[in-house]
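> need a 3D model of the following:
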Amino acid sequence: MGTRRVAGRVPRWWVAPGDGATPVGGAARNIPVPVAVVPSGADGTPGRTSPETRKQAADMSRTVELTKENFDQTVTDNEFVLIDFWAAWCGPCRQFAPVYEQAAEANPDLVFAKVDTEAQPELAQAFGIQSIPTLMIVRDQVAVFSQPGALPQAVLDDVIGQARGLDMDEVRASIAAEEKQTEASGPNV
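Residues are numbered from 1 along each chain as shown. Model prediction:
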């Protein structure tokens, strides 16, 4: 996979800004994110949606909406998770959405998830997401692919096929060797 980047282990615990000890998917406080509903403009561009509207949209699709409350459990409980980091205002994200939905329908054995970076900035920050859409693939709790940009259907299908074909024992051995080499070289100054 030419564009595949082995990113390492998925962080299981992280600290959300402000509260000091929020585990991803753990016993975090369920604080609703206040998002105002802004109607679509005259040019048809969508405004922000309320959490209720996003939930209804997620219920109609084959994708799971990831939040800091359910992220850890989703990644832990599933061997293969595709994650689309997106935002409602992002044109390329809206173009990629139907491609992602088609892939979800074609691969019902995989978990297709979405992270709304506006509603879940902590998750986007935890993974260093700087450009959206960004597609990440997590297998056996290891991020094996991360790439920004809207992928065409054929490329997404190819990436999924290549990720399916990865030998995860080999990937984990590669990560362990990298970590060992980093430890042996000492701290970067």
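
> that's a helix at Q181, yeah?
Yes: assigned with DSSP: H, G, I helix; E, B strand; the rest coil, Q181 falls within a helix.

> check the gap between it and A173 for me.
Q181 is 13 Å from A173, where distance means CB to CB, to the nearest Å. Every residue, glycine included, has its C-beta placed from N, CA and C.

> so where's the chain shaky on pLDDT?
1-61, 187-189 (pLDDT under 70).

> now the helices: where do they sit in it?
Secondary structure of the chain (DSSP state H): helices located at 51-60, 71-77, 91-106, 121-126, 153-164, 168-185.

> and those helices as TSV, adding mean neighbour count and distance to Q147?
Output for the helices of the chain, formatted as TSV (neighbours: other CB atoms under 10 Å; distance: least, CB to CB, whole Å):
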stretch	mean neighbour count	distance to Q147
helix 51-60	13	23
helix 71-77	18	18
helix 91-106	16	12
helix 121-126	18	15
helix 153-164	16	8
helix 168-185	11	17
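
> tabulate those (JSON lines), appending distance to K114.
Below are those laid out as JSON lines (distance: least, CB to CB, whole Å):
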{"stretch": "helix 51-60", "distance to K114": "7"}
{"stretch": "helix 71-77", "distance to K114": "11"}
{"stretch": "helix 91-106", "distance to K114": "8"}
{"stretch": "helix 121-126", "distance to K114": "11"}
{"stretch": "helix 153-164", "distance to K114": "14"}
{"stretch": "helix 168-185", "distance to K114": "24"}
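
> which of those helices sits closest to D140?
Minimum separation from D140 across the helices of the chain (CB to CB) falls at helix 168-185, 5.0 Å.

> could you find the closest non-adjacent residue to I129?
F85 (4.8 Å; CB to CB, 6 or more residues apart in numbering).

> my guess is that neighbour meets T134, correct?
Yes: between F85 and T134 there is a contact under CB atoms under 8 Å: 4.3 Å.

> between the two, point out the one with more neighbours.
F85 (26 against 21; other CB atoms under 10 Å).

> which residues touch the more buried one?
K114, V115, T117, L123, A124, F127, I129, I132, P133, T134, L135, M136 (CB atoms under 8 Å, 6 or more residues apart in numbering).

> beta partners of it?
Per DSSP bridges, the residues bridged to F85 are V115, T134.

> mind checking how far it is from S185?
Distance of F85 to S185, given as CB to CB: 31 Å.

> over to Q130?
Taking CB to CB, one finds Q130 at 27 Å from S185.

> over to Q102?
45 Å.

> quick one: the nearest residue to E79 once chain neighbours are set aside from P92, how far?
In space, and not counting its chain neighbours, E79 is closest to D140: 5.8 Å by CB to CB, 6+ apart. Counting by CB to CB, the gap between D140 and P92 amounts to 29 Å.
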